[in-house]
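In: my questions concern the predicted model and sequence given below.
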Amino acid sequence: MVVAATCCIGGARLLHRHVLRYLALACWILASLLPVQAAEVPLPDLQGRVTDLTDTLTLAQRQQLDASLVGLEQRKGAQLVVVLVPTTGSDTIEQYAVRLFEQWQIGRKDVDDGILLLVAKDDRAVRIEVGYGLEGAVTDAQSGRIIREQIVPRFAEGQYDAGIVAGVDGLTRLIEGEALPPPAAPAKSGADEGMGEAWLALLMFLLVLPAWAGGLIGALAGWLLAGNWLFAAGGAVAGFLVSALIGKSGLRQHIRKSAGRGGAPGGWRGGMGRGGGRSSGGFRGGGGRSGGGGASGRW
């Protein structure tokens, strides 16, 4: 009896170990069959109005597209940015677009006139994210129509450049019809500033030149009238002082006129203001916010 009981207990333990082993193996197999959770994709750095991380667009296509976006910003002040990424990872394309929009701050501060055209190529997804200030001009319905009618059909045929250009053209037409604050005047470059300083130096030289000429004329007059070097020297000093006073008065008048015009000679003006959207190193966002509006699509 004791031997039989011992055998039963040992068999039960062995069976228990085998069951646990098979259960662990089954769990591992099931886990391997489940889709792997995608990692969160880091946001790219803002490189320009066109950022292609998929090497889909050629250099010529990027340059042509960038020229169109520059022209739009110069005319209306609004910023339209195109981004191509392989995937948005664990984020939906809507979540990724909002994150990217807020980090880059597309559009002008307090105007919020930015638009993001985002393409996740491997996910076969596209998103138009609209800034708060343009939601009246670029509605969700209009964004969806541009995606369905202009972008997706071309993407489905592999014509990514044509689809992006068509989407940009459609968005541009909507932005052109919206009344927006005028864009800030671009700041003068360093070369223009140097030219302004050169003109100022030339002006000062021309103002001082009559003083020297007046001194020479005074010296000549003193020599002719008195025939004495002392009178000649006195005439030179007197002529110099009179001409210098005239030149100084002219310089003051010029400075007053320049100040009245709001700038220094040469037309240089510093700064872009609060929402210029451009830095000395290249393009950057202007402080705009996303309104959460727009549309998404797939092909």
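Out: Perfect, I can see it now.

In: in a helix, Glu73, correct?
Out: Yes - the assignment for Glu73 is a helix, going by DSSP: H, G, I helix; E, B strand; the rest coil.

In: correct me, but it touches Gln79?
Out: Yes - counting by C-beta atoms under 8 Å, Glu73 touches Gln79, with 5.8 Å between them. Where C-beta positions appear, they are placed from N, C-alpha and C, glycine not excepted.

In: looking at those two, which one has more neighbours?
Out: Neighbour count, other C-beta atoms under 10 Å: between Glu73 and Gln79, Gln79 has more, with 29 against 22.

In: the closest residue in space to the more buried one that isn't next to it in sequence: what's it in contact with?
Out: Spatial nearest neighbour of Gln79, chain neighbours left out: Gly114 (4.6 Å); criterion: C-beta to C-beta, 6 or more residues apart in numbering. Neighbouring residues of Gly114 by C-beta atoms under 8 Å, 6 or more residues apart in numbering: 78-81, 101, 105-108, 131, 134, 285-286, 288, 290.

In: local confidence estimate at Gly114?
Out: On pLDDT, Gly114 comes in at 96.

In: what's it sitting at in phi/psi?
Out: phi -110, psi 150 (degrees, to the nearest 10).

In: any idea how far Val138 is from it?
Out: Separation of Gly114 from Val138 (C-beta to C-beta, to the nearest Å) stands at 11 Å.

In: Val130 too?
Out: 5 Å.

In: quick one, which of these two is more surrounded?
Out: More neighbours surround Val130 than the other of Val130 and Val138, with 30 against 27 (other C-beta under 10 Å).

In: overlap in contacts of Val130 and Val138?
Out: With C-beta under 8 Å, 6+ apart, Val130 and Val138 have common neighbours Ile115, Gly293, Gly294.

In: can you give me the pLDDT of the last one?
Out: So the one you mean is Gly294. Reported pLDDT for Gly294: 96.

In: that one: neighbour count?
Out: With other C-beta under 10 Å as criterion, Gly294 counts 28.

In: the first one too?
Out: Ile115 is surrounded by 29 other residues when neighbours are defined as other C-beta under 10 Å.

In: let's have the chain start at 53 instead
Out: Okay, using 53 as the starting number, the last item reads as Ile167.

In: is Ser195 in a helix, a strand, or coil?
Out: Secondary structure, three-state DSSP: Ser195 is helix.

In: tell me the contacts of it?
Out: Counted by C-beta under 8 Å, 6+ apart, Ser195 has contacts Ile180, Val182, Gly345, Gly346, Ala347.
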